[in-house]
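S.K.: Got a predicted structure here, sequence first:
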Amino acid sequence: MPRFARPALFGVLGVVGLALVWELYKFFGPGNGVVIGDLTVLPRTSDLAMPHLATMVARLFEPVTGAATALPLWLAVLGACAFTLGIAAVGWIVGVTVGLALALLMQRFRLAESAILPWIVLSQTVPLIAIAPLVRRWGAQVEIGAFAWENWMSVALIASYLAFFPVSVGALRGLGSPDAHHVDLMHCYAVGWWKTLWRLRLPASVGYLLPALRLAAVSAVIGSVVAEVSIGLRGGIGRLIVEYAGAAGGDPGKPWAPIFGSVLVGLVAAGFVGLIGLFLRRFRRDEVSA
Amino acid sequence: MTAGSGSAGAVPAVDVHSVGRVFAGRRGASVIALDGVSLTVAPGEFVSLIGPSGCGKSTLLRLIADLDVPTSGNIRVFGKPARQARIDQDYGIAFQQAGLLPWRTVAGNIELPLELHGVDRAGRRARGAELIDLVGLSEFAGHYPDQLSGGMQQRVAIARSLAERPSLLLMDEPFGALDEMTRERMQNELVRICAETAAAVVFVTHSIPEAVFLSNRVVVMSPRPGRIRSIVPVGLGDVTTRGEGLREDADFFRSLSTVRDLLHADEHGDPSGDDRPGPGLPRGVETR
């Protein structure tokens, strides 16, 4: 069995298991859901609340609306996925750049670490919903020559706001991870901070950086989806989730399509980082041997 | 090559002059790691530093390497301040942990100092191959450190320390983590390598036989505060001609017991052990 066959098998089993739980509960669960006191602990099992998986899948291949020109649902969702993925990617790149820059600054100057790190942690306690309208309003006032701030940039900015955090913290740990004798060795070689960074600290940080990048990718996707909703940007998966949720009453399969879409965007983002990891395998040898 | 201290005329490889190092502790408490240490190492000479933990032998090595700065006294390496000698790459260094970069192959690790100091690719390849041959790892040039045994990793580290043809090697218990068999083999190899490179060596070790086998002189140190108790010249002839047979030699055992007696001076109930020769001290032992 190839090395990757086992995880792949478990992955498929997990999805199948989830589908089984869904259908079994729908079949055996009480129609009004499991209620303790006045509290509904588990949902109703009606076709409206919990459509069959088959309904959801079949719905994907029907047109979005009854209009003659309507696209098939899956195509509309896929288009929205691409839109959101693009914004998330911009947010990710900005977030990773800022995160790395902050980590380098903190690594270089102990003072910077004491000064900045608490703020970085604090920044993540601000709810996304709170900053989204602010970013939009400020963005609307930005106009430099031919450049005008657009709403999608606000969404990307919010995505980057979530994405930079794991990168800055992970990179800071990674940059500080070389053993004392490695740092001593560089000192013996009388090389400066930049060369030490390039030859020692950056390669050593790869093992810390990759999980951080993956976390950042997923955060950027979530940030984009949520910010699309709170800023009211059209065209993305977040908007579709809200739009289609309204159709749940008559068309229970429809709201699930953009949810699957957002899962897909998250998977693609995480997969992309996995691909980066493949190219950096050389720098993760201690993980492999451990 | 003379074994004595300070062969007249030549600039000594290392000249440590009444050096002290005090580590400031918390709440004003301080630890005297080294106190009034003076030592001269001649070019091409092999000197071992031996003593119990806390005697400051590693600290002394770090001071010579300019990884740390003395509180008092001064250190000159080839007539230059230690800092200048480090910047000029006058020494090569090896630590107890091989300290190889896990993402570089054997060849990549050995070529690291050359690469850092701007030697061109062809030059690096040539010197790297030479060194890999020297430490007998030709078949492993493309291997990564995690594919090597501890002894092999340490050989790579030694090759790396030799990369820029230093006239001085600083070694901090380089064989400390190896098993006894590997250790003896590595010692034999080090003797051979020293013969080929004619570098002076300052060698920190815990092992008495290791110190005696390798050295022209053994510096015995005592702890709290770290001082040089005595310097034992090992009269075993030229280091470069030493071989496996020496381990059975009577002179070898005599030097061995001299060093051992000095190390155990305190335990023999000699209160002034710092200044007086230990019991049963044979002739020819320098005391301070």
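M.R.: Arrived safely. Numbers count the residues shown, from 1 in each chain, chains lettered A, B, ... in the order given.
S.K.: Could you pull out the strands in the stretch 151-288 of chain B for me?
M.R.: B:168-172, B:200-205, B:217-222, B:227-233, B:286-287 (DSSP state E, counting those that start in this stretch).
S.K.: Give me the sheet partners of the fourth one and which way each runs.
M.R.: What it means is strand B:227-233. Take DSSP bridges as the rule and strand B:227-233 pairs in its sheet with strand B:217-222 (antiparallel), strand B:286-287 (antiparallel).
S.K.: then it to CSV, C-alphas only?
M.R.: C-alpha atoms of strand B:227-233 as CSV (Å, rounded to 0.1, in the frame of the first residue of the first chain):
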residue,chain,number,x,y,z
ARG,B,227,41.1,27.2,37.7
ILE,B,228,44.0,25.3,36.1
ARG,B,229,45.2,22.9,38.7
SER,B,230,48.1,21.6,36.7
ILE,B,231,49.4,21.0,33.2
VAL,B,232,50.6,17.5,32.4
PRO,B,233,53.0,17.1,29.5
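S.K.: Show me which residues of it are buried.
M.R.: B:227-233 (16 or more other CB atoms under 10 Å in any protein chain shown). From N, CA and C alone the C-beta is placed, and that goes for glycine too.
S.K.: for the chain, which spans come out with low pLDDT?
M.R.: Going with chain A. Low-confidence segments of chain A, defined by pLDDT under 70: A:1-2, A:286-290.
S.K.: To clarify, I was referring to chain B.
M.R.: For chain B (pLDDT under 70), the answer is B:1-9, B:235-248, B:250, B:266-288.
S.K.: tally of neighbours for residue A:48?
M.R.: Residues near residue A:48, counting by other CB atoms under 10 Å in any protein chain shown, number 12.
S.K.: Is it possible to get TSV of the strands of the stretch 151-288 of chain B that adds distance to residue A:20?
M.R.: Formatted as TSV, the strands of the stretch 151-288 of chain B follow (distance: least, CB to CB, whole Å):
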stretch	distance to residue A:20
strand B:168-172	61
strand B:200-205	64
strand B:217-222	71
strand B:227-233	75
strand B:286-287	83
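S.K.: how distant is the lengthiest helix in chain B from the center of its chain?
M.R.: When chain B is parsed with DSSP state H, its longest helix is helix B:180-197. Its chain's average C-alpha position is 13 Å from that of helix B:180-197, according to CA atoms, centre = their mean, to the nearest Å.
S.K.: mind listing what's buried in that helix?
M.R.: B:182-184, B:186-191, B:193-194, B:197.
S.K.: Serialize the strands paired with strand B:227-233 to a markdown table and add fields for mean neighbour count.
M.R.: As requested, the strands paired with strand B:227-233 are arranged in a markdown table below (neighbours: other CB atoms under 10 Å in any protein chain shown):
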| stretch | mean neighbour count |
| --- | --- |
| strand B:217-222 | 25 |
| strand B:286-287 | 14 |
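S.K.: Now render these as JSON lines, adding distance to residue A:95.
M.R.: Conversion of the strands paired with strand B:227-233 to JSON lines gives the following (distance: least, CB to CB, whole Å):
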{"stretch": "strand B:217-222", "distance to residue A:95": "54"}
{"stretch": "strand B:286-287", "distance to residue A:95": "66"}
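S.K.: ranges for the strands of chain A?
M.R.: A:34-36, A:39-42, A:143-144, A:147-148 (DSSP state E).
S.K.: Could you point out which of these sits nearest residue B:53?
M.R.: Proximity to residue B:53, assessed across the strands of chain A by CB to CB, is greatest for strand A:39-42 (62.4 Å).
S.K.: Against which helices or strands is the closest one packed?
M.R.: Secondary-structure packing of strand A:39-42 (3 or more CB pairs under 8 Å, 6 or more residues apart in numbering or on different chains; DSSP states H and E): strand A:34-36.
S.K.: Which neighbours in the sheet does the strand it packs on have, and how are they oriented?
M.R.: Sheet pairing here is set by DSSP bridges, and for strand A:34-36 it gives strand A:39-42 (antiparallel).
S.K.: List the buried residues of the partner strand.
M.R.: Residues of strand A:39-42 include none that count as buried (16+ other CB under 10 Å).
S.K.: ok, residues contacting that strand?
M.R.: By CB atoms under 8 Å, 6 or more residues apart in numbering or on different chains, the list of residues contacting strand A:39-42 from outside reads A:25, A:29, A:33-35.
S.K.: Which among those residues count as buried?
M.R.: A:25, A:33.
S.K.: can I get the contacts of strand A:39-42 in JSON lines with distance to residue B:102?
M.R.: JSON lines is the format used below for the contacts of strand A:39-42 (distance: CB to CB, whole Å):
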{"residue": "A:25", "distance to residue B:102": "48"}
{"residue": "A:29", "distance to residue B:102": "53"}
{"residue": "A:33", "distance to residue B:102": "54"}
{"residue": "A:34", "distance to residue B:102": "53"}
{"residue": "A:35", "distance to residue B:102": "57"}
